[in-house]
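Undergrad: Requesting a structural model of the entry that follows:
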Amino acid sequence: MNWKELLCEERIREYSSKKTSSDLRTEFEKDYHRIIGSASFRRLQDKTQVFPLDKNDFIRTRLTHSLEVSSFAKSLGMNVGQKIIEQNLDPTFTAKEAEDICAILQCAGLIHDIGNPPFGHFGESAIEDWCRENLKRLEYNGKKITDVLTKQQLQDFYNFEGNTQALRVVTKLHFLVDEHGMNLTKALLSTIIKYPVSSLDTDKHSGDIRTKKMGFFYADKETFDSIQKSCNTNGKRHPLTFLLEAADDIAYKTADIEDGLKKGCYTYEQLLSELKNEEEYAKSDSKYRAMVDMLESRYEKAISKGYEQPDVYAVQNWSIYVQGQSIYAVSDNFIKNYDMIMSGEYKYDIFEGTDVNRLLDKLGEIAYQYIFTSKPIYKLEIAADTIFKFLLDKFMNAVINFDTKNEQSTVNKKIVSLISEDYKRIYYAYSEGKDDAQKLYLRLMLVTDYICGMTDSFAKDLYQELTGTI
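TA: Numbers count the residues shown, from 1 in each chain. Prediction:
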């Protein structure tokens, strides 16, 4: 792979008004403005990061998380770009390319979660579970839907992935001008495709991170192929994807620790005890211990200065320190493995082998133990599951005979009428000329598109309105 192709400025739909003397923005800067001004991006302010429907302004939403990821991703781009130039790793890589990767990563951070359904990652699992349990009982024209759809089409629903949905949102569903979504640059689109394989080619045990999950739906294969061809990635990860994923990890692993403390999921003493337990220290190195010692130092400083909440001060301050250390470590590791990354041979998380890897893993374990498996989160997820099951039951049944010659019940017609007209417009555009099976697949996708586009509040309110429980 080479940077000239990887930083492709082309769009799925080219437009005639290229840069003029009065518009000095690069194509990637134009991407940024399209994203920031979009309703799809604004909806992230009412989508769960960890704590659904939380009324505490301190707690992060998908919007604030995405802004943090964008910031970290741009910082990683700045570090890596400078190192490529300083170490002359690629004679064709100039300051212009360095600026471009910063702009691309900044945009990628903003949209990496834009396809996530309401109620966080639980929403993805809820869609998967419902499809695995219920598609086999639904029928179309006297046949089970599972006998009508192809294996790949079924696997798309059985392995539903928010990151994959993000590609649909920005290339189709966000109706800006036409059916091409935000019509972003192909370099940016390639960067957000974390797993460049279909639902048939996923393999969590392959040892190659690119096959961990699917990266595109059957419905979006033409778009995926166009991106791959223009960027010449050919089934490999775009190098900037490693940096985007690292920025996401840095953001959520440090943020979850902050938010969990603020929500009372654990105390400062419990956090320190988990970080300093004998087993952890036995597996750790001097860098790990130094970073943990820094947390204690921050706490002691807060005590000495008489801060009202020394625990909150210490953890917030320490999180910033950990973020900085992580950015340095990732930047160095990217350069260390530069040749393998550029050839598409690097198979691992970019934190692999760095001196911050163990600490970030430990933070993830603590968040899982004290936050994600806590009773308050369980209660919210059970409530969210009830909402998802109801909405999927209603809308999936309603769309089976939509846009066919088959008779629809009065109620199902009314249910379909609730779906966004923009989403239905996209369905019509991409179903034209398709056979019955493909149209059925796209109608089922219409439902997942609609539900994924909902905010937490909208999904809850719609459920209450339709069940009469307001």
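
Undergrad: from what I can see residue 81 touches residue 102, true?
TA: Yes: contact criterion Cβ atoms under 8 Å: residue 81 and residue 102 qualify, at 6.6 Å. Backbone N, C-alpha and C define where each C-beta goes, glycine included.

Undergrad: All the helices of the stretch 101-250 of the chain, residue numbers only.
TA: 121-134, 145-148, 151-158, 162-168, 186-192, 221-231, 239-262 (DSSP state H, counting those that start in this stretch).

Undergrad: Format those helices as CSV; extra columns: mean pLDDT and distance to residue 437.
TA: Shown next, in CSV, are the helices of the stretch 101-250 of the chain (pLDDT from 0 to 100; distance: least, Cβ to Cβ, whole Å):
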stretch, mean pLDDT, distance to residue 437
helix 121-134, 92, 17
helix 145-148, 95, 5
helix 151-158, 96, 8
helix 162-168, 93, 19
helix 186-192, 97, 27
helix 221-231, 96, 15
helix 239-262, 93, 32
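
Undergrad: Make a markdown table out of those helices and add mean neighbour count and distance to residue 325.
TA: Formatted as a markdown table, these follow (neighbours: other Cβ atoms under 10 Å; distance: least, Cβ to Cβ, whole Å):
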| stretch | mean neighbour count | distance to residue 325 |
| --- | --- | --- |
| helix 121-134 | 19 | 26 |
| helix 145-148 | 16 | 49 |
| helix 151-158 | 20 | 39 |
| helix 162-168 | 23 | 26 |
| helix 186-192 | 29 | 24 |
| helix 221-231 | 18 | 31 |
| helix 239-262 | 24 | 10 |
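
Undergrad: Mind putting the ones you listed into CSV with distance to residue 311?
TA: Putting these into CSV (distance: least, Cβ to Cβ, whole Å) gives the following:
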stretch, distance to residue 311
helix 121-134, 27
helix 145-148, 52
helix 151-158, 43
helix 162-168, 33
helix 186-192, 36
helix 221-231, 46
helix 239-262, 7
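
Undergrad: To residue 416, which of these lies closest?
TA: Comparison of the helices of the stretch 101-250 of the chain against residue 416 by Cβ to Cβ identifies helix 145-148 as nearest, at 17.0 Å.

Undergrad: Please work out which residues outside the closest one touch it.
TA: When contacts are defined by Cβ atoms under 8 Å, 6 or more residues apart in numbering, helix 145-148 is touched by residues 135-136, 138-141, 154, 400, 436-437, 440, 444.

Undergrad: how about 10 Å then?
TA: Helix 145-148 is contacted by residues 131, 134-141, 153-154, 157, 396, 400, 436-437, 440-441, 444 when judged by Cβ atoms under 10 Å, 6 or more residues apart in numbering.

Undergrad: Which PyMOL command selects the buried ones in the residues you listed?
TA: Buried members of the contacts of helix 145-148 can be picked out in PyMOL with the line below, counting by 16 or more other Cβ atoms under 10 Å:
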select buried, resi 131+134+135+140+153+154+157+396+400+437+440+441+444
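
Undergrad: What about the contacts of helix 145-148, which are in strands?
TA: The members of the contacts of helix 145-148 that map onto strands under DSSP state E are 139-140.

Undergrad: any idea which residue sits dead centre in the protein?
TA: residue 113 (3.2 Å; Cα atoms, centre = their mean).

Undergrad: How about the contacts made by that residue?
TA: 44, 47, 49, 62-63, 65-66, 69, 120-121, 162-163, 165-166, 192, 248, 252.

Undergrad: go again using 7 Å as the cut-off
TA: Applying Cβ atoms under 7 Å, 6 or more residues apart in numbering to residue 113 gives the contacts 44, 62, 65-66, 162, 166.

Undergrad: How about residue 258?
TA: Here residue 258 is in contact with 315-316, 319 (Cβ under 7 Å, 6+ apart).

Undergrad: One more: residue 194?
TA: Neighbouring residues of residue 194 by Cβ under 7 Å, 6+ apart: 163, 215, 241, 245.

Undergrad: If we use 8 Å, what do you get?
TA: Counting by Cβ under 8 Å, 6+ apart, residue 194 has contacts 163, 210, 213, 215, 237, 241, 244-245.

Undergrad: Same question for residue 289.
TA: residue 281 are the contacts of residue 289 under Cβ under 8 Å, 6+ apart.
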